[in-house]
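1. 3D model of this:
(chains A and B)
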Amino acid sequence: MSIEDIQNEIIDEFSMFEDWEERYQYMIDLGKDLPLINDQYKTDNNIIKGCQSKVWVHAEMDDDKVAFTADSDAIITKGIIAILIRVFSHQHPKDIIDADTSFIDKIGLKEHLSPTRANGLVSMVKQLKMYAIAYQTQLN
Amino acid sequence: MFNVETIRKDFPILSRKVNGKPLVYFDNAATSQTPQQVIDVIVEYYSNYNANIHRGVHTLSQEATDLYEEARQKIQNHFNAKHAYEVIFTSGTTHSINLVANGFSSVLKKGDDVIVSALEHHSNIVPWQMLCERTGATLKVIPMNEDGELVMSEFDKLLSKNTKLVFVNHISNALGTINPIEYIIEKAHNVGAAVLIDGAQSAPHLIPDLQALDVDFYVTSAHKMCGPTGMGMLYGKEEWLKKLPPYQGGGEMIAEVTFEKTTYADLPHKFEAGTPNICGGIAFGAAVDYMNSVGFDNIATYENELLKYGTEKLLEIEGLKIYGTSEQKTSVISFNLEGIHPYDVGTILDKLGIAVRTGHHCAQPIMDFYKIPGTIRASFSFYNTKAEIDALVEGVKKAKMMLS
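-> Take a look at the predicted model:
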């Protein structure tokens, strides 16, 4: 599935929720699922320090696609990470580089990707794209 | 007669909604809200008096200067400083601390000790670290205990003839602990050390009598006491302010300038280079007037009542732990829910229109002490109500239900 298709799928899913509580409960439940990253990658090297919650990101190539795993110590942050991983992982580097994140706004979670929110997510998206750029360079 | 409903009408922001819910503002330790009386003074200043001060021959400049200097006197009287010129207007507590730290770089030398407390805000740690790096002095730390109190017996041991400076906050921003500054000042003076008290968290709740305390420096910010941001003060004893070199060069701080030599202006202008925050100073004075019209005795009594009520109600929630359990504290409750990240709780509370602070509160050493990433901090002011505390308690319960 393309990044855009997945984003539209997520927008559809979120349109079923009546209010913020249902949206947040869904993200919290996503966040409660199994760890999204192998423990060996939860290193200081892979940490993106947001002001308040810690975010870890690991990337590797899987054929010509980038596979991301990530985690956070805060559960709502982790829920959003799960959504971002669903969108960006196992995609071609170029598609990741070109993708926008405005779907986050459409599913009512805009505040979490605001540059002024100190939760590490903005830096995380930046980091995902940096990895994609690095792998794209390798492919070229 | 203190009536919280009447007081709330003074604060326009308290009637706004956040995320569709009535705002419950419990982030008062970060910044306090502004009453209409202070907003009016700001509007009035720009509508009628805006001019540069201390140098104009014209009427506007004279009127603005009078208002600005009148504000300085109000603040002098409020804190009982001996002279108005011992009150230096700054951009806030951090600026004030940096001004003193910078001044002491010409006083300190290798072998000297500087003592800070384990309860400090980063703004009261970093400037002294920088100062010690520059001068070769050693930074020593008064440790804290589980209740979030400073261990005075350890402080006694740290003091020696090498101690030149002691810096302690009057009240901890992260935990609300009121530190025994009278004891600290007396003991420090016994070994000949100067004392700076960071009053950012105390000036909004009580009136420190600077002459009775005999403190060398006291700093605070206007925006914590119903005034504007970007405004604060440094009180320093005359002898110290005369001794310390100017912090910034510029207009206003000079007496005479030639390319060979500049002589500095008298206090307070020596430390007020450039055009100051004139409106901010005048509004600071108005904020002090406003708080006095409410009455600091009323404020203290009512805020203690809120603290007691909030503590009791929050502790009814299973798995909730309060950090900072000293008998001596102001209306700050720092807490966590077991197994839940404070950021998650803060996010849910925000959705409910409740403003709290989450994180390390710029006091990472305290969080390290408790081995936690941060806390949720609810800080109450005299315009908050028990009904708002009930809303907080319900919100925390809801967050707990959603997040567990």
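
2. name the nearest residue to B:Asp27, sequence neighbours excluded.
-> Computed as CB to CB, 6 or more residues apart in numbering or on different chains, the closest residue to B:Asp27 that is not its neighbour in sequence is B:Ala355, at 4.7 Å. Using the backbone N, CA and C atoms, a C-beta is placed for each residue, glycine as well.

3. do the same with B:Thr263
-> Closest residue to B:Thr263 in three dimensions, ignoring its sequence neighbours and counting by CB to CB, 6+ apart: B:Ala255, at 4.4 Å.

4. any weak-confidence spans in the chain?
-> No chain specified, so I'll use chain A. By pLDDT under 70, the weakly predicted segments of chain A are A:34-35, A:49-51, A:115-116, A:118-119.

5. um, chain B though
-> B:252.

6. which bits of it sit near chain A?
-> For chain B, the residues in contact with chain A under the definition CB under 8 Å from any CB of the partner chain are B:19, B:340-344, B:347-348, B:351, B:358-359, B:373-374, B:402-403.

7. spit out the contact partners of the residue in chain A positioned nearest to chain B.
-> When CB to the nearest CB is the measure, chain A has its nearest residue to chain B at A:Ala74, with 3.9 Å between them. Residues in contact with A:Ala74, defined by CB atoms under 8 Å, 6 or more residues apart in numbering or on different chains, are A:Gln52, A:Ser53, A:Lys54, A:Asn119, B:His341, B:Tyr343, B:Asp344.

8. widest-spaced pair of those residues?
-> Between all members of these, the longest pairwise span (CB to CB) is found for A:Lys54 and B:Asp344 and amounts to 12.9 Å.

9. neighbour-wise, which of these two wins?
-> Under the criterion of other CB atoms under 10 Å in any protein chain shown, the comparison of A:Lys54 against B:Asp344 puts B:Asp344 first, with 28 against 19.

10. in strands, which of the contacts of A:Ala74 fall?
-> The strands in this structure, assigned by DSSP state E, contain A:Lys54 from these.

11. now render the contacts of A:Ala74 as TSV, adding distance to A:Gln40.
-> What follows is the contacts of A:Ala74, written out as TSV (distance: CB to CB, whole Å):
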residue	distance to A:Gln40
A:Gln52	25
A:Ser53	21
A:Lys54	16
A:Asn119	24
B:His341	23
B:Tyr343	25
B:Asp344	26
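
12. wait, which of the contacts of A:Ala74 is closest to B:Phe155?
-> Nearest to B:Phe155 among these is A:Gln52, at 31.8 Å by CB to CB.

13. residue contacts, the spatially most central residue of chain A?
-> In chain A, the C-alpha nearest the mean C-alpha coordinate belongs to A:Leu84, at 2.5 Å (CA atoms, centre = their mean). Under the criterion of CB under 8 Å, 6+ apart, the contact partners of A:Leu84 comprise A:Ala70, A:Thr101, A:Leu121, A:Met124, A:Val125, A:Leu128.

14. in ChimeraX, how would I select just the buried ones from the residues you listed?
-> One line in ChimeraX is enough to select the buried ones among the contacts of A:Leu84; burial here means 16 or more other CB atoms under 10 Å in any protein chain shown:
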select /A:70,101,121,124,125,128
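
15. can you tell me which of the contacts of A:Leu84 end up in strands?
-> Assignment to strands by DSSP E places the following of those there: A:Ala70.

16. what's the most distant pair in the contacts of A:Leu84?
-> Most distant of those, by CB to CB, are A:Ala70 and A:Thr101, 14.7 Å apart.

17. could I get the phi/psi values of the residue of chain A closest to chain B?
-> Here is the backbone geometry of A:Ala74 (degrees, to the nearest 10): phi -110, psi 140.

18. apart from its chain neighbours, what residue comes closest to it?
-> When the adjacent residues along the chain are set aside, A:Ala74 lies closest to A:Ser53, with 3.5 Å between them (CB to CB, 6+ apart).

19. tell me which residues touch that neighbour, please.
-> Taking CB under 8 Å, 6+ apart as the contact definition, A:Ser53 lies against A:Ser72, A:Asp73, A:Ala74, A:Thr77, A:Asn119, A:Gly120, B:His341, B:Tyr343, B:Pro373.

20. one step back: how about the contacts of A:Leu84 in TSV, adding distance to chain B?
-> Output for these, formatted as TSV (distance: CB to the nearest CB, whole Å):
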residue	distance to chain B
A:Ala70	16
A:Thr101	19
A:Leu121	11
A:Met124	14
A:Val125	18
A:Leu128	21
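
21. rewinding a little: the residue nearest to B:Asp27 and B:Tyr25 touch, don't they?
-> Yes. Shown here, B:Ala355 and B:Tyr25 form a contact pair, counting by CB atoms under 8 Å, at 5.1 Å.

22. tell me which of these two has more neighbours.
-> Shown here are B:Ala355 and B:Tyr25; by other CB under 10 Å, B:Tyr25 has more neighbours (23 against 16).

23. returning to that earlier point: quick check: the gap between the residue nearest to A:Ala74 and B:Gly346.
-> Spatial separation of A:Ser53 from B:Gly346 under the definition CB to CB, to the nearest Å is 10 Å.

24. how about the residues of chain A by chain B?
-> Proximity of chain A to chain B (CB under 8 Å from any CB) is limited to residues A:20-21, A:24-25, A:28, A:51-54, A:73-77, A:118-119.

25. what's the helix or strand for the closest residue to B:Gln62 other than its chain neighbours?
-> With CB to CB, 6+ apart as the measure, B:Gly56 is the residue that lies nearest to B:Gln62, at 6.7 Å, once sequence neighbours are left out. Remark: B:Gly56 resides in no helix or strand, with elements defined by DSSP states H and E.

26. and B:Gly56, what are its phi and psi?
-> Summarising the backbone geometry of B:Gly56 under the convention degrees, to the nearest 10, its torsions are phi -90, psi 150.

27. pull up the gap between it and B:Asn162, please.
-> With CB to CB as the criterion, B:Gly56 and B:Asn162 are 49 Å apart.

28. same check, this time on B:Ile42
-> Distance of B:Ile42 to B:Asn162, given as CB to CB: 47 Å.
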